[in-house]
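Student: please work out how this folds:
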Amino acid sequence: MQLRVTRQAEAEDEHGAECGKVYVAGGTITQERLDSLVVAGRCPELLFTQEDDKALFDAWRARSLPVEIHVDDAHASRSEGGRRQTPGSRTQVEAPPARGSGSEARAGERDEDYIESYGNLAVHQLMLQDRARCAWYQAELERACSVVRDAVVLDVGCGSGLLALFAARAGARQVYAVESNRRMAALAQAVVADNGLQSRICVVHGRVEDVDLPKVDILVSEWMGFYLLHESMLDAVLVARDRFLKPGSGVMIPSSCRLLAAPVCMPTLRAERVDFWTRQDDTYGFNFSSAAVLAGEDMSATPLIQDVPQEALLSAGQEVWQADLLRLSVRELDEISKPDLQFTLPSSCHGGGGVSRALDGICLWFSVAAPPMHALLQCAARKGEGGAGGGSVCGPGEAGGTGLAGADRVLSNDRVLSSDRVLSSGPGDAMTHWKQTVISLPYALPQPLRNASRKGQKEEGWRKEEGWRIRCSLVLRRAVPQGAPCSRQYLLSLTVSEAASVRQLLRGMAHAHLGPP
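Tutor: Numbers count the residues shown, from 1 in each chain. Next comes the predicted model:
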């Protein structure tokens, strides 16, 4: 079926641009079609004439990795004598707020879809093959359990059970492995039995928000997603912390996290996805250059999960956000904003052969850190004083050893991955299954030219001693309307605000026919 759309002009905004409404009636909503809809308008609002279409949109939103890209052209507009220029925005439209039990039911269905997706064994194989990830968790559980002896450990989202097995082998007295996917919970139980650890590891099928457990000394979870927060599993970990972690003495693995960003140049990727359409040798002698415009839009419509080489970064990474997981609240995860990102690219920002390197977008990655030694010592001291904990929802455990006496440990406590006990997914670090996330600009921003004016002044934003300055802001907010149930996806909004860069980007987009000059 074809998507039928009517567009109706409403009022004008403060810049004189029309604010339109998009009415969607029937048809199948695809990401590509919605992208083209959004680009065509100025801040459109989606209204649905049928509830089924609204549900389709909600389902699409739950699966997507949405992104916004804005260009702040207020300064450029004023400098052009007030003439309005097209801002060249990519705006992911938010659905109108859903109300009532229908919204809650759809949210529940999306959550069930998310849980069911982890029944795919290939997902867990990918995670077990991530050597950097697994080795870090093994080392940190060995370290924690060697300090907090006979610890009670909770593994949130245990999957195939690897972290629970690490904890038991490291000396934990009791491990509760909670898994919401029925198939994986059954597999984890079988794996535990196959390793003779059923008296030490209790696999609990259910959502951590719903199960009943005693207090624990150590909470471990591998909750990180693309750009750190994708999938929003951290919400469940924070709920588990508040319900089950011993107050004042319990520790979390990881205990803190950071999100970082840096400008990136990826000409090969843009050549494959965009420039292909401009090469007539590849298009059988016909002119397909108009498709390059759409290809650039498609690149910027969705964050790209890429293996970014360190040499692709145009400057060092800067911190967008950091959090202490013992103190973080779920509410703080609704929106994360970094309005003052500033990058200075060296004036000699050239690739091979002296060719200037263009800014293709912003690269995101994250790192997580283990609890510091003083936190482990405090946990051990409180435990020695007879703090709360113990008990088992699976019946009394058997006395005796672990069944793993003398087992070789891949990483001992004096062989850790780094002195600061950090697992990083950045360019140049050991490869992880998260790779890096790239927010791509629809048009590559070339390095400003150093053309002096007649008065000897250089282009704004360019100084030889400072290099090429880029100013932008980044916002991550939940991709659902305010007041709706929690979404597992985030809306990423990147705004380029440095005046010279804005003007250059606008010229490039106008040249590419992404908007009127």
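Student: roughly how far does A380 sit from G250?
Tutor: 11 Å (Cβ to Cβ, to the nearest Å). Just so you know, the C-beta spots here come from the backbone N, C-alpha and C atoms, and that holds for glycine as well.
Student: the more surrounded of the two?
Tutor: G250 (28 against 20; other Cβ atoms under 10 Å).
Student: now tell me which helix or strand of the protein has the poorest mean pLDDT.
Tutor: Ranked by mean pLDDT, DSSP states H and E, the helix or strand of the chain with the weakest confidence is strand 4-12, at a mean of 33.
Student: can you list the buried residues in stretch 289-301?
Tutor: Residues of stretch 289-301 classed as buried by neighbour count (16 or more other Cβ atoms under 10 Å): A292, V293, L294, A295, G296, E297, D298, M299, S300, A301.
Student: now secondary structure, pLDDT and distance to L165 too, for the residues you listed, in JSON lines please.
Tutor: What follows is the buried residues of stretch 289-301, written out as JSON lines (DSSP: H, G, I helix; E, B strand; the rest coil; pLDDT from 0 to 100; distance: Cβ to Cβ, whole Å):
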{"residue": "A292", "secondary structure": "helix", "pLDDT": "89", "distance to L165": "51"}
{"residue": "V293", "secondary structure": "helix", "pLDDT": "83", "distance to L165": "52"}
{"residue": "L294", "secondary structure": "helix", "pLDDT": "87", "distance to L165": "49"}
{"residue": "A295", "secondary structure": "helix", "pLDDT": "88", "distance to L165": "46"}
{"residue": "G296", "secondary structure": "helix", "pLDDT": "85", "distance to L165": "47"}
{"residue": "E297", "secondary structure": "helix", "pLDDT": "82", "distance to L165": "46"}
{"residue": "D298", "secondary structure": "helix", "pLDDT": "85", "distance to L165": "42"}
{"residue": "M299", "secondary structure": "helix", "pLDDT": "86", "distance to L165": "41"}
{"residue": "S300", "secondary structure": "helix", "pLDDT": "84", "distance to L165": "42"}
{"residue": "A301", "secondary structure": "helix", "pLDDT": "80", "distance to L165": "41"}
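Student: name the nearest of the residues you listed relative to H374.
Tutor: Comparing the buried residues of stretch 289-301 against H374 with Cβ to Cβ places S300 closest, at 45.2 Å.
Student: and the spatially closest residue to that closest one that is not a sequence neighbour, how many neighbours does it have?
Tutor: Residue nearest to S300 in three dimensions, not counting chain neighbours: P442, with 4.2 Å by Cβ to Cβ, 6 or more residues apart in numbering. P442 is flanked by 26 other residues according to other Cβ under 10 Å.
Student: give me the pLDDT for P442.
Tutor: If you check P442, the pLDDT there is 81.
Student: that one touches E297, doesn't it?
Tutor: Yes. Using Cβ atoms under 8 Å, P442 makes contact with E297 at a distance of 5.6 Å.
Student: for stretch 493-500, the averaged confidence score.
Tutor: Here the average pLDDT along stretch 493-500 is 72.
Student: no, scratch that, I was asking about stretch 194-208
Tutor: 96.
Student: list the buried residues for it?
Tutor: For stretch 194-208, by 16+ other Cβ under 10 Å, it's N195, L197, Q198, S199, R200, I201, C202, V203, V204, H205, V208.
Student: spatially nearest residue to L304, not counting backbone neighbours?
Tutor: V438 (4.4 Å).
Student: what's near enough to touch the one you found?
Tutor: V264, M266, P303, L304, I305, Q306, V308, D360, G361, I362, C363, L364 (Cβ atoms under 8 Å, 6 or more residues apart in numbering).
Student: got a pLDDT number for it?
Tutor: Reading off the model, V438 has pLDDT 94.
Student: okay, strands next: where are they in the stretch 201-350 of the chain?
Tutor: Along the stretch 201-350 of the chain, counting by DSSP state E, counting those that start in this stretch, strands occupy 201-205, 218-220, 251-253, 256-264, 304-306, 318-324, 335-345.
Student: quick one: average confidence on the last one?
Tutor: I take that to be strand 335-345. Mean predicted lDDT for strand 335-345 stands at 89.
Student: next one: stretch 117-126
Tutor: Averaged across stretch 117-126, the pLDDT comes to 86.
Student: now do the end-to-end distance for that stretch.
Tutor: End-to-end span of stretch 117-126 (Cα to Cα, to the nearest Å): 14 Å.
Student: same thing with stretch 423-441?
Tutor: End to end - Cα to Cα - stretch 423-441 spans 29 Å.
Student: can you give me the buried ones in stretch 318-327?
Tutor: Result for stretch 318-327 [16+ other Cβ under 10 Å]: buried residues V320, W321, A323, L325, L326.
Student: just the CA atoms of it, as CSV, please.
Tutor: This file holds the C-alpha atoms of stretch 318-327, laid out as CSV (Å, rounded to 0.1, in the frame of the first residue of the first chain):
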residue,chain,number,x,y,z
GLN,A,318,35.4,15.1,25.1
GLU,A,319,33.1,14.0,27.9
VAL,A,320,29.4,14.4,27.2
TRP,A,321,28.1,12.8,30.4
GLN,A,322,29.3,10.8,33.3
ALA,A,323,27.5,9.1,36.2
ASP,A,324,28.1,7.4,39.5
LEU,A,325,25.7,4.4,39.3
LEU,A,326,25.3,4.3,43.1
ARG,A,327,23.8,7.8,43.0
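Student: now do the same end-to-end measure for stretch 154-164.
Tutor: 8 Å.
Student: begin at 41 from here
Tutor: Okay, using 41 as the starting number, the last item reads as stretch 194-204.
Student: now L532: which helix or strand?
Tutor: For L532, the host element (DSSP states H and E) is strand 530-536.
Student: output the contacting helices and strands for that strand.
Tutor: strand 107-111, strand 476-485, strand 507-518 (3 or more Cβ pairs under 8 Å, 6 or more residues apart in numbering; DSSP states H and E).
Student: parallel or antiparallel, list what pairs with that strand.
Tutor: strand 107-111 (parallel), strand 507-518 (antiparallel) (DSSP bridges).
Student: if we can go back for a sec, would you list the buried residues of stretch 329-341 in TSV and tack on distance to I155?
Tutor: As requested, these are arranged in TSV below (distance: Cβ to Cβ, whole Å):
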residue	distance to I155
A332	40
V333	39
L334	35
A335	35
G336	36
E337	33
D338	30
M339	31
S340	31
A341	27
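Student: give the contact list for I345.
Tutor: L105, F266, W474, K475, Q476, T477, V478.
Student: now with 10 Å?
Tutor: Neighbour list for I345: L105, F266, Y267, H270, H473, W474, K475, Q476, T477, V478 [criterion: Cβ atoms under 10 Å, 6 or more residues apart in numbering].
Student: returning to that earlier point: of all the contacts of V478, which two lie farthest apart?
Tutor: Top of the distance list for the contacts of V478 (Cβ to Cβ): I345 and D400, 15.1 Å.
Student: and the nearest residue to L300 once chain neighbours are set aside, what pLDDT?
Tutor: Among residues not flanking L300 along the chain, G357 sits closest, at 4.0 Å (Cβ to Cβ, 6+ apart). Here, the pLDDT recorded for G357 equals 95.
Student: now A210
Tutor: With respect to pLDDT, A210 has a value of 96.
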